[in-house]
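Novice: Could you work out the structure for the sequence below:
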Amino acid sequence: MDVLADEPYRSVTKRKYGSPRMVAGIGFSTHDIRRIPRWIDLTLTDSEQCQPSIGSSVAGPGVCRRRPICSSLAYVEWHMCGELSEVLFDDHEREAAEAARESIVSKAPRSEAAKQKEHDRRTSDDLPVQSFQCLLKDLATLIPPGEFMMGSPESEEGRFDNEGPQHRVQITRPFYLGVYPVTQAQWESVMGNNPSAFSSDGHFNDRVSGLSTGNFPVERVSWEDAQEFIGRLNERSEETGRVYRLPTEAEWEYACRAGTTTRYCFGDDAGDLGDYAWYEGNTGGWEVGRTHPVGRTHPVGEKRPNAWGLYDMHGNLFEWCSDWYSEGYYANSPLEDPTGPESGSGRVLRGGSWFFSARDCRSALRNWSRPGFQSFSLGFRVAFSSVD
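Specialist: From the prediction side, this is the model:
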């Protein structure tokens, strides 16, 4: 794929494989598409395969019926003219783009400070890991076993098809879940780096100028990155008596709902979402025509928790779950402790983010992306259980 810059902060794509497709970020509805930066190509062809977005009151580009509105296939981030874009490609385009990007990154000069930081990360002992394990024990809450209705009823306002059929699920074992998403400081204490766009060295550092971002949720971490982080914590599982992991999609929704059956953990009225979440409605989101966002992430725990004491389950960042994603999985989901399909091309994301709409922050909203994708809208929280 050739990416050409015809003016500052505007990129033009010339496709080599097949016809152009809609280019957007993760899970954009037509409402969200109206708000993404002008330099993201919104061309959509092959109209016979596509139809207007169902359930949206805003006219806009169609969405291919082969792809759920709140889904994503393969994304590549390109840094062109100082911009950061999230682009949707088919498999051939993705492979070519990723190969090109890896070539660019491998040849990019690195400062001596960056090289020293990487050296320190690789040679440091695991005291930071121990410190974070102790901290996490105090920043997690025990989620009791129980039963709930997973997904959304057909009558729910803003519902997407992949949220059904609504079905009964039993969580048969208690587990611990982080009260907050993993923060930038916590990530750096374990991994020795900070990939976040909203940090002093990040792509959007102008949005956090003068702020300490240690307590901001870490973002631009892929599902695979989260697994590496968790793997480091588990190197001492025999000593700590805990096995760290991502929550399953069922565990995540069960914990988010905290006994509720409504659109959100607090009720059905989206007008109250601002008391519990950072989302498009109170961050400013991302306006059309801008190369940098109006909004940003915010420190964890600033909004109200749900009934089980969990913060930021709605908004701030989408959170990775352990499951592979399948649009039709709910139709065959087991009653007890579902863990998702055995294979797939993407991993589940839940919760909404700082520049997504209230509709996309609902308890039942399902999203997904490929395991290696990194974005300023993606983070995670850690779950754990006892070794035995």
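Novice: Mind listing what's buried along stretch 155-170?
Specialist: Under the neighbour-count criterion of 16 or more other C-beta atoms under 10 Å, stretch 155-170 has 156, 158-160, 162-164, 166, 169 buried. In this view, the C-beta of every residue, glycine as well, is placed from N, C-alpha and C.
Novice: Tyr176 looks like it's in a helix, true?
Specialist: No - assessed with DSSP: H, G, I helix; E, B strand; the rest coil, Tyr176 is strand; it does not lie in a helix.
Novice: tally of neighbours for Glu228?
Specialist: 12 (other C-beta atoms under 10 Å).
Novice: Now do it against Gly372, distance only.
Specialist: Per C-beta to C-beta, to the nearest Å, Glu228 is found 12 Å from Gly372.
Novice: same question, Glu342
Specialist: 19 Å.
Novice: Shouldn't Gln186 be within a helix?
Specialist: Yes - secondary structure of Gln186 (three-state DSSP): part of a helix.
Novice: pLDDT at it, what is it?
Specialist: For Gln186, the pLDDT comes out at 95.
Novice: In terms of residue numbering, what are the domains of this protein?
Specialist: Here the domain assignment for the chain is 2-107, 120-386, based on automatic domain parsing.
Novice: Return the member of those domains having the minimum mean pLDDT.
Specialist: Least confident of those, judged by mean pLDDT, is domain 2-107 with a mean of 32.
Novice: Bridged to the closest residue to Ser333 other than its chain neighbours, which residues?
Specialist: Counting by C-beta to C-beta, 6 or more residues apart in numbering, Ser333 lies nearest to His167, which is 5.9 Å off, once chain neighbours are set aside. Taking DSSP bridges, one obtains Met150 as the residues bridged to His167.
Novice: Tyr330 is in contact with His167, correct?
Specialist: Yes - with contact defined as C-beta atoms under 8 Å, His167 reaches Tyr330; the gap is 5.7 Å.
Novice: Overlap in contacts, these two.
Specialist: Shared contacts of His167 and Tyr330, defined by C-beta atoms under 8 Å, 6 or more residues apart in numbering, comprise 150-151.
Novice: does Lys303 count as helix, strand or coil?
Specialist: Note that with three-state DSSP, the state of Lys303 is coil.
Novice: Over to Gln227?
Specialist: Assignment for Gln227 (three-state DSSP): helix.
Novice: so who does it touch?
Specialist: Leu246.
Novice: ok, back up a step: tell me which of Glu342 and Gly372 has more neighbours.
Specialist: Counting neighbours by other C-beta under 10 Å for Glu342 and for Gly372 shows that Gly372 has the greater number, 14 against 7.
Novice: Nearest residue to Cys256 in space, please, no chain neighbours.
Specialist: Using C-beta to C-beta, 6+ apart, the closest residue to Cys256 is Met313 (4.4 Å).
Novice: Thr283 now?
Specialist: Gly295 (3.0 Å).
Novice: OK, contacts around that neighbour?
Specialist: 278, 280, 283-286, 354-355.
Novice: With neighbour count and distance to Cys321 as extra columns, can I get these in JSON lines?
Specialist: Conversion of these to JSON lines gives the following (neighbours: other C-beta atoms under 10 Å; distance: C-beta to C-beta, whole Å):
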{"residue": "Trp278", "neighbour count": "28", "distance to Cys321": "20"}
{"residue": "Glu280", "neighbour count": "26", "distance to Cys321": "22"}
{"residue": "Thr283", "neighbour count": "22", "distance to Cys321": "23"}
{"residue": "Gly284", "neighbour count": "14", "distance to Cys321": "28"}
{"residue": "Gly285", "neighbour count": "20", "distance to Cys321": "24"}
{"residue": "Trp286", "neighbour count": "20", "distance to Cys321": "25"}
{"residue": "Trp354", "neighbour count": "28", "distance to Cys321": "19"}
{"residue": "Phe355", "neighbour count": "26", "distance to Cys321": "21"}
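Novice: Taking those residues, tell me the two that lie furthest apart.
Specialist: The largest separation in the contacts of Gly295, counting by C-beta to C-beta, is between Trp278 and Trp286 at 13.4 Å.
Novice: Let me see the contact set for Pro195.
Specialist: For Pro195, the contacting residues are 187, 202, 218-221, 225, 374, by C-beta under 8 Å, 6+ apart.
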